[in-house]
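Trainee: coords please:
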Amino acid sequence: MFRALLRGAYTTTIDNTTTTAYRMLGLITQNFKYLTTKSFTLSYKNMVRSQLDYCSSVVWSLYRKGDIEALVKVQKKATKILPQ
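Mentor: Numbering: from 1, shown residues only. Have a look, this model is predicted:
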C-alpha cells in the first residue's frame, strides 16, 4: 500500500513538472518570436531544462517507462521549436 501511495505521489510530481515545462516552452515561443539558436538554447536551459532536471532524479529512480517518456516528449517538442 505504501508503495502505491509513493508511486502516485511521484506521478503527480512528474505531471506537474511536465505541465510547467510545457508552459515555459509556450512562454518562450510566444514572447520571443525571432529567436536565434543561441538565445533559444539559453532560454530553454534556464526555463525548461531546470524544471526537468528537478524531476529527473525521481524518474530515474522509479524506472517507469511512462514517466520517462513524459519528460522525453517535452524535450522532443523543444527540438521541434528550435530555430534553424
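Trainee: Quick one: distance of the helix or strand harbouring Thr18 to the chain centre.
Mentor: Counting by DSSP states H and E, the element that carries Thr18 is helix 2-31. Distance of helix 2-31 from the chain centroid (C-alpha atoms, centre = their mean, to the nearest Å) equals 7 Å.
Trainee: Check which helices and strands it is in contact with.
Mentor: Secondary-structure packing of helix 2-31 (3 or more C-beta pairs under 8 Å, 6 or more residues apart in numbering; DSSP states H and E): helix 50-62, helix 65-81. No exception for glycine: its C-beta is placed from N, CA and C like everyone else's.
Trainee: Okay, buried residues for that helix please.
Mentor: Of the residues in helix 2-31, 10-11, 14, 17-18, 20-22, 24-25, 28 count as buried by neighbour count, 16 or more other C-beta atoms under 10 Å.
Trainee: could those go into a markdown table alongside distance to Leu35 and pLDDT?
Mentor: As requested, the buried residues of helix 2-31 are exported to a markdown table (distance: C-beta to C-beta, whole Å; pLDDT from 0 to 100):
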| residue | distance to Leu35 | pLDDT |
| --- | --- | --- |
| Tyr10 | 33 | 63 |
| Thr11 | 33 | 71 |
| Ile14 | 28 | 82 |
| Thr17 | 23 | 87 |
| Thr18 | 22 | 89 |
| Thr20 | 20 | 91 |
| Ala21 | 17 | 92 |
| Tyr22 | 17 | 93 |
| Met24 | 14 | 92 |
| Leu25 | 12 | 92 |
| Ile28 | 8 | 89 |
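Trainee: will you turn these into JSON lines that also has distance to Lys38?
Mentor: Compiled in JSON lines, the buried residues of helix 2-31 are given as follows (distance: C-beta to C-beta, whole Å):
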{"residue": "Tyr10", "distance to Lys38": "35"}
{"residue": "Thr11", "distance to Lys38": "35"}
{"residue": "Ile14", "distance to Lys38": "30"}
{"residue": "Thr17", "distance to Lys38": "26"}
{"residue": "Thr18", "distance to Lys38": "26"}
{"residue": "Thr20", "distance to Lys38": "24"}
{"residue": "Ala21", "distance to Lys38": "21"}
{"residue": "Tyr22", "distance to Lys38": "23"}
{"residue": "Met24", "distance to Lys38": "18"}
{"residue": "Leu25", "distance to Lys38": "17"}
{"residue": "Ile28", "distance to Lys38": "13"}
